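> Here's my sequence, what's the structure:
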Amino acid sequence: MATLPPRKNPTPTKISKEDLTPLEILLQLGFPRHRAEKALAATGYRGLQLASDWLLAHVRDPTLDRDEPREYVLYACPTGPLAEKLLTFWTESRELGWNGAHNCMPHITLVSFFKAPDEAAGKLAGLLEDVVSLKDSPDQIGLETYISPNFMGLFIEEEYASWLKTIAVKFVNKLSSLSISAEPPKKSLHITLAYQFSESLFQPLRNMAERLGSATQANWELRLYSRDSRVGDAHVHKVTHAHVPREHDELELRPGDYIYLSERACSESIDGWVEGTSWLTGITGYLPLNHTKRTAESDAWTLHSTVQIIENRVESIEEEIPRTRKPPVLSSNESLDMPDGVPTDHEPMAASEAPQMTSRQIFICRHGERVDFTFGAWIPYCFEADGCYVRRDLNMPKDIPARNIQEFHNDCPLTTLGEIQANLVGQAMRSSNVTIDVAFASPSLRCVQTLSQILQGHGSDVQIKVEPGLIEWLAWYPNGLPVWMTPEALIKAGFDIDVNYEAVVKTESLPQRENAAQYYERSFKLIEKIIEQTKGNVLIVAHAASLAACTRQLTGGRVPPAAEVTRLVQRVPYLACLTAQQGPDGWQLHPPPFPPLTHTSNSRFDWKILT
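Okay, the predicted model is just below:
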């Protein structure tokens, strides 16, 4: 064989893109430095993809080229049981009426808002690690309840407050080395429970605060947040219904976005239209106020860094709810992305061992595109005075089941596109040789419709078992459960329902209220019952939160805090599908054996976010 001659002019060593920072890559892509730094700061330096997506979304943001630094704040936040109790308090007190405490999550302010240039954002997150010494941390933080006619809170006992203030002073000193000015706390450290409330709410809030108590121990962590400087004193509203602009000065609304609205705009609107600024795009325009709902200002903030400062494992959620399954164990050269059926190097099975059972699979899907999230207040638009339904848009359903019109408010149908989405998933399952032996749906109409279309696309004659226990987190139904269609009504509407199925969780046994841990526990017990009572592969169609709730504990994971539940839901698009497969070490998550469904604003689903 001929040998290669030596090269006299070797190619100079080049720096791989893998060795470049996100800022350097954005600069190579042609973005101006000030825009690249602004995007990285706004997304918390969490990666190139998020920053580039932010830049594309904000291409028409009038402040994109202005020197308007973000505002940062340092909080100490509880996690675990105390956080759950406080979030329940927040939910119940918000039902009484909005007060100032609802603008943020439960927290202790260590360093009030300060401004920092965008080029310093990458360094700020690293400062937290340098100001915490876990060996000096106490086992807990003592709290004392304080109640007055205009303020309620949990104050930090002095010895623990001194320790927290020391951390704050160290952080402020670190900031000064970067020429950033900030002030350590001067007031008594506390968690605000309620303030700026009406006199009539004092007694019910007092009762709730006293029931809350102050003896619950907790884990604690430092969190560094930032916010757009345009927020200021504005109210933050989350978008609940989509809106497509009809006039040049109107703002496009997309569920998942947040809108900055001035208090004056909300109180002085005479026609239900207000001027607001989109968190997602930075664009300002007019929007229908009834397509939004006020939420905490902190929902629109960016989290830059989290550092644990007190960890009491006895009080953690992991210990409250037993872990009954081993977590998946991966070798250094193995990945959860490995396709099914890849051979391994296990020793041959001894003759005395029992033969290995066929692996069962559970496919859990979110429903398809829903009418109300796509068209907003569609019911007055689509129903005539005599109650007749009129299809006003080709993406609205061709026909809908006969029922009380008002019941559609909390139990809406799919769009035409939603039905097509579901049928495509069924076809993909069939093409990938997925077998379906039993199928369950949440009682929500959109879930029954989705499952029906999946089964049609798959060519399966499996009947639909309607299971009330699959309903999503009940905290999202503050006005009570929706009125669902009965199995008989669903059959009359053309759905193949198993009328002989006896639900694991009866509708009347669903709780009126539940926290995130209780929702996950309900879902886990339900999935265990389904596994116990069925054979073969199971297909479940439920809600965005269901994918994690039904699999997290099954695969050995922990129950996330309520805030994380909400964040996960926002990353689960329509018809997202997750596969849980039974193996020798219990159940593990796997990618579905067919591609995801992506279209326009429906983001591509990454199943690994739920592992």
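
> Just the endpoints, please. Distance across stretch 34-50?
This stretch, stretch 34-50, spans 16 Å end to end (CA to CA, to the nearest Å).

> can you give me the helices in the stretch 351-500 of the chain?
371-375, 379-382, 416-431, 445-458, 487-492 (DSSP state H, counting those that start in this stretch).

> most packed of the ones you listed?
Comparing the helices of the stretch 351-500 of the chain by mean neighbour count (mean count of other CB atoms under 10 Å), helix 445-458 comes out on top with a mean of 26. Just so you know, the C-beta spots here come from the backbone N, C-alpha and C atoms, and that holds for glycine as well.

> elements contacting that one?
Packing partners of helix 445-458 (3 or more CB pairs under 8 Å, 6 or more residues apart in numbering; DSSP states H and E): helix 416-431, strand 438-441, strand 464-466, strand 538-542.

> Recalculate using a threshold of 6 Å.
For helix 445-458, the packing partners by 3 or more CB pairs under 6 Å, 6 or more residues apart in numbering; DSSP states H and E come out as helix 416-431, strand 438-441, strand 538-542.

> Looking at those, which is nearest to residue 158?
strand 538-542 (48.9 Å; CB to CB).

> Looking at the closest one now, give me its mean pLDDT.
Strand 538-542 comes out with an average pLDDT of 97.

> Just put the helices and strands packed on helix 445-458 in TSV and tack on distance to residue 187.
Listed next are these as TSV, based on distance: least, CB to CB, whole Å:
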stretch	distance to residue 187
helix 416-431	51
strand 438-441	53
strand 538-542	46
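
> Mind checking these for the one nearest to residue 107?
Per CB to CB, nearest to residue 107 of the helices and strands packed on helix 445-458: strand 538-542, 32.6 Å.

> Quick check: neighbours of the closest one in the sheet, parallel or antiparallel?
strand 361-366 (parallel), strand 438-441 (parallel) (DSSP bridges).

> can I get the ones you listed in a markdown table with distance to residue 196, mean neighbour count and mean pLDDT?
Converted to a markdown table, these look like this (distance: least, CB to CB, whole Å; neighbours: other CB atoms under 10 Å; pLDDT from 0 to 100):
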| stretch | distance to residue 196 | mean neighbour count | mean pLDDT |
| --- | --- | --- | --- |
| strand 361-366 | 38 | 24 | 96 |
| strand 438-441 | 44 | 24 | 97 |
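
> could I get the ones you listed as JSON lines with distance to residue 591?
Formatted as JSON lines, these follow (distance: least, CB to CB, whole Å):
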{"stretch": "strand 361-366", "distance to residue 591": "12"}
{"stretch": "strand 438-441", "distance to residue 591": "21"}
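
> for the ones you listed, which one sits closest to residue 275?
strand 361-366 (33.9 Å).

> per-residue pLDDT, the residue nearest to residue 473 when sequence neighbours are not counted?
Excluding its sequence neighbours, the residue lying closest to residue 473 (CB to CB, 6 or more residues apart in numbering) is residue 519, at 4.4 Å. Note for residue 519: predicted pLDDT of 92.

> Pull up the gap between residue 519 and residue 29, please.
Noted for residue 519: a distance of 42 Å to residue 29, by CB to CB, to the nearest Å.

> Looking only at neighbour counts, state which of those two leads.
More neighbours surround residue 519 than the other of residue 519 and residue 29, with 23 against 11 (other CB atoms under 10 Å).

> How about the backbone phi and psi for the residue nearest to residue 473?
Phi and psi for residue 519, reported as degrees, to the nearest 10, are phi -60, psi -40.

> what's near enough to touch residue 389?
382-383, 400 (CB atoms under 6 Å, 6 or more residues apart in numbering).

> To what extent is the closest residue in space to residue 96 that isn't next to it in sequence buried, counted in neighbours?
Leaving aside its sequence neighbours, residue 96 sits nearest to residue 201 (CB to CB, 6+ apart; 5.4 Å). If you count neighbours by other CB under 10 Å, residue 201 ends up with 15.

> Look up phi and psi at residue 201.
Dihedral angles (degrees, to the nearest 10) for residue 201: phi -90, psi 0.

> cool, and the one 4 residues further on?
In terms of degrees, to the nearest 10, the main-chain angles of residue 205 are phi -70, psi -40.

> I'd like the distance between residue 375 and residue 73.
38 Å.

> ignore the last one, residue 591
38 Å.

> Where does pLDDT dip in the chain?
Along the chain, the model assigns pLDDT under 70 to residues 1-19, 134-135, 213-217, 311-358, 600-605, 611.

> picking that back up, of the helices and strands packed on helix 445-458, which is nearest residue 110?
strand 538-542 (40.1 Å).

> How about residues contacting the next helix or strand after the closest one?
For strand 538-542, the following helix or strand on the C-terminal side (DSSP states H and E) is helix 546-549. Applying CB under 6 Å, 6+ apart, the external contacts of helix 546-549 come out as 364, 520, 523, 568, 572, 578, 610.

> cutoff 10 Å now
Outside helix 546-549, the residues within contact range by CB atoms under 10 Å, 6 or more residues apart in numbering are 364-367, 442, 447, 470-473, 516, 519-524, 526-527, 540, 542-543, 557, 559-560, 564-565, 568-569, 572, 576-578, 580, 589, 605, 607, 609-611.

> could you pull out the helices for the stretch 1-150 of the chain?
Under DSSP H, counting those that start in this stretch, the stretch 1-150 of the chain gives helices at 22-28, 33-42, 48-57, 81-96, 121-131.

> Identify whichever of these lies nearest to residue 150.
Closest among those, using CB to CB: helix 81-96, at 14.8 Å.

> What segments of the stretch 201-350 of the chain are helices?
So, for the stretch 201-350 of the chain - with DSSP H, counting those that start in this stretch - the helices run 202-212, 263-268, 317-320.

> Now mean neighbour count too, for these, in a markdown table please.
Putting those into a markdown table (neighbours: other CB atoms under 10 Å) gives the following:
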| stretch | mean neighbour count |
| --- | --- |
| helix 202-212 | 15 |
| helix 263-268 | 12 |
| helix 317-320 | 15 |
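
> end to end, how far does stretch 193-206 reach?
Stretch 193-206 has its terminal residues 10 Å apart, counting by CA to CA.

> re the thing from before, format the helices of the stretch 201-350 of the chain as JSON lines; extra columns: distance to residue 175.
Below are those laid out as JSON lines (distance: least, CB to CB, whole Å):
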{"stretch": "helix 202-212", "distance to residue 175": "34"}
{"stretch": "helix 263-268", "distance to residue 175": "31"}
{"stretch": "helix 317-320", "distance to residue 175": "33"}
